[in-house]
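Peer 1: Model the following, please.
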Amino acid sequence: MARFKSDEIITNAFQPHLAPGEQLKHWAYGVKQPPIFLIILLFLLAILPGAIAVALLTKEYVIGLTDRRLLVLRFSGKLNVKEMLEYNLASMTPCKTSTGGLFTHIEIMDPARPFIAKFHRLGMKQNREHAMAIAAAISGKAA
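Peer 2: Residues are numbered from 1 along each chain as shown. Take a look at the predicted model:
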């Protein structure tokens, strides 16, 4: 299940985006899948093409919490960064977070740059711990 076997791959992906002196504290791998009704519809039409379509419509992210910002990198393949979003921790917009048995959900309700993803506990080594620490930091809840 683990998407990345080494934390070094993730931390290296964030290095070009860090300001001088900025420290990466936590990172997590997550996805945003199409709505469940669309997934069901695609699978009802045909299983193999439906699975391919869902895979193509799923967006993959790594998020990183620094001492100053939350960085969101949307990527494809072996961490080929397609898009970067950043949120200043000092002026963070409202967030909704939750942790269940399998997933930690993070939603940032910024009107200009909204972000929603779920982070599977087995997404990578210590993904659950990192995702929960990030969720606690941006939502203001104690971990």
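Peer 1: Buried residues, the longest helix anywhere in the chain. List them.
Peer 2: In the chain, assigned by DSSP state H, the helix with the most residues is helix 127-139. For helix 127-139, a neighbour-count test (16 or more other CB atoms under 10 Å) marks 127, 128, 130, 131, 132, 133, 134, 135, 136, 137, 138, 139 as buried. Backbone N, C-alpha and C define where each C-beta goes, glycine included.
Peer 1: got it, and stretch 96-106?
Peer 2: By neighbour count on 16+ other CB under 10 Å, the buried set for stretch 96-106 is 97, 99, 103, 104, 105, 106.
Peer 1: Using CSV, list the CA coordinates for it.
Peer 2: C-alpha atoms of stretch 96-106 as CSV (Å, rounded to 0.1, in the frame of the first residue of the first chain):
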residue,chain,number,x,y,z
LYS,A,96,-12.0,21.0,8.9
THR,A,97,-10.1,17.9,10.0
SER,A,98,-11.1,14.5,11.1
THR,A,99,-9.4,11.2,11.8
GLY,A,100,-11.1,7.8,11.5
GLY,A,101,-9.9,4.3,11.4
LEU,A,102,-8.3,4.5,8.0
PHE,A,103,-8.2,8.1,6.9
THR,A,104,-7.3,11.5,8.2
HIS,A,105,-9.3,14.1,6.3
ILE,A,106,-8.1,17.6,5.8
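Peer 1: so of the buried residues of stretch 96-106, which ones are in strands?
Peer 2: Using DSSP state E, 97, 99, 103, 104, 105, 106 are the members of the buried residues of stretch 96-106 that sit in strands.
Peer 1: Now the two most distant members of those residues.
Peer 2: Spatial extent of those (CB to CB) is set by the pair 97 and 103 at 10.9 Å.
Peer 1: what helix or strand does the most centrally placed residue in the chain sit in?
Peer 2: By CA atoms, centre = their mean, the chain has its centre lying nearest to residue 30, at 3.6 Å. In this structure, residue 30 sits in strand 24-32 according to DSSP states H and E.
Peer 1: how about the helices of the chain, start to end?
Peer 2: Residue ranges of the helices in the chain, as given by DSSP H, are 7-14, 36-45, 47-57, 127-139.
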